[in-house]
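K.L.:
Next input, structure requested:
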Amino acid sequence: MLAAQPPLSGHHLIRRPKSGRRPLEPKNQPTITTNHVTKPAECVEISWLDDSNKENIPPLYSIEKQPFRTADESIDDEQSTIREKLERLMIEKDNNEKVLRERGLMLDLVMKEIVSRGEAQKQLEIEVDRLFRLNEIKLACMRVSRIRSLRDREEEKKMKQV
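P.N.:
Next comes the predicted model:
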């Protein structure tokens, strides 16, 4: 059986394999050589007024203002886009209705064909059943009965005498 392990508490240390690195450090750390001397970084002066440093300009100043349009122009534009969209939707609706009508006609033709096949199959089954019963009747008639009638016996005697 397994022995019960004591609960983890503050005085028990967790043993981890020693990989030579501390947590949150990259595994393959490049070796730092101290042979070369690094130059101190040059200070760059940033000015809000100067355009030399365009990356630090706030977006409000970098956006070009769009020309002011009147409400009538914007409404006219919206109306024209809505009209174009409605025209496209009407064309799509007509095309979809046409496709649906064609598919409906095709399904009707297929359904009629299936119904006609079913009727033909029923007629053939009836005919096969009739032929089978006719064959059974024919076989029943062809069986020779073992008991001969009195008339048959008399006719047979007459034939033997003649």
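
K.L.:
Model confidence score at residue 51, please.
P.N.:
With respect to pLDDT, residue 51 scores 56.

K.L.:
again but with residue 74, I slipped
P.N.:
Looking at residue 74, the pLDDT reads 84.

K.L.:
And residue 133, by the same measure?
P.N.:
91.

K.L.:
count of neighbours near it?
P.N.:
10 (other CB atoms under 10 Å). Every residue, glycine included, has its C-beta placed from N, CA and C.

K.L.:
and if you look at residue 129?
P.N.:
10.

K.L.:
what's the answer for residue 124, then?
P.N.:
Neighbour number of residue 124 under other CB under 10 Å is 10.

K.L.:
what's the helix or strand for it?
P.N.:
helix 71-142 (DSSP states H and E).

K.L.:
now swap in residue 28 and tell me
P.N.:
Counting by DSSP H and E, residue 28 is part of no helix or strand.

K.L.:
how close does it get to residue 135?
P.N.:
Separation of residue 28 from residue 135 (CB to CB, to the nearest Å) stands at 93 Å.

K.L.:
Tell me which of the two has more neighbours.
P.N.:
Neighbours were counted for residue 28 and for residue 135 using other CB under 10 Å; residue 135 has more, 10 against 5.

K.L.:
any idea whether residue 152 is helix, strand or coil?
P.N.:
helix (DSSP: H, G, I helix; E, B strand; the rest coil).

K.L.:
Tally up the residues packed near it, please.
P.N.:
Around residue 152 there are 11 residues (other CB under 10 Å).

K.L.:
How about the one 10 residues further on?
P.N.:
Taking other CB under 10 Å as the criterion, the count of residues near residue 162 is 5.

K.L.:
next one: residue 155
P.N.:
When neighbours are defined as other CB under 10 Å, residue 155 has 12 of them.

K.L.:
Distance-wise, check it relative to residue 118.
P.N.:
In terms of CB to CB, residue 155 sits 55 Å off from residue 118.

K.L.:
Kindly provide the distance from residue 84 to residue 137.
P.N.:
Distance from residue 84 to residue 137, by CB to CB: 80 Å.
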